[in-house]
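Trainee: one predicted model, sequence on top.
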Amino acid sequence: MNTISNETDLIAILLRRFEMTRNVGRIKAKLGMSSVDDTRLAEVLGRWRSLGLEADLNADMIESIITIIHDAVVLEHEVARLDKNRNV
């Protein structure tokens, strides 16, 4: 396997993920929705932990990675909310 290719692929996946979540953040800001949905987060973490275990990966590590991504997404949603409020 080509490590550089794998790293490039991972960055591309993260880019696509954050492009989508930025759009979701703008929609949530426009509708006045909360940036955080604890029920959904619990579902996502459970699903990712299961996927990690099925792939023979450390479930705690997977949960940590997804939590970091989630925290970054929430921050972007809060920025979108602040931008919306500035433009009102």
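Mentor: Yep, it's here.

Trainee: what strand or helix carries residue 51?
Mentor: Following DSSP states H and E, one finds residue 51 within helix 38-54.

Trainee: list the contacts of that helix.
Mentor: Applying CB atoms under 8 Å, 6 or more residues apart in numbering, the contact partners of helix 38-54 are 58-59, 61-63, 66-67, 70. Placement of C-beta: from N, CA and C, glycine included.

Trainee: again, but for stretch 70-82
Mentor: Contacts for stretch 70-82 (CB under 8 Å, 6+ apart): 18, 21-22, 24-26, 28-29, 35-36, 41, 44.

Trainee: sitting in strands, which of these do you find?
Mentor: Assignment to strands by DSSP state E places none of those there.

Trainee: kindly write the PyMOL command that selects the buried subset of those residues.
Mentor: If you want just the buried ones from the contacts of stretch 70-82 in PyMOL, going by 16 or more other CB atoms under 10 Å, the selection is:
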select buried, resi 21+25+26+28+29+35+44
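
Trainee: relative to residue 4, which of the contacts of stretch 70-82 is nearest.
Mentor: Each of those was scored against residue 4 by CB to CB, and residue 18 proved nearest at 21.3 Å.

Trainee: give me the below-cutoff pLDDT ranges for this structure.
Mentor: In the predicted model, the chain carries pLDDT under 70 at residues 1, 87-88.

Trainee: now stretch 34-52: buried residues?
Mentor: Quick answer for stretch 34-52 (16+ other CB under 10 Å): 35, 44-45, 48-49, 52.

Trainee: could you measure residue 82 against residue 20, distance?
Mentor: For residue 82, the distance to residue 20 (CB to CB, to the nearest Å) stands at 20 Å.

Trainee: burial measure for the residue nearest to residue 17 when sequence neighbours are not counted, as a count.
Mentor: Spatial nearest neighbour of residue 17, excluding adjacent residues (CB to CB, 6 or more residues apart in numbering): residue 69 at 7.2 Å. Using other CB atoms under 10 Å, residue 69 is surrounded by 16 other residues.
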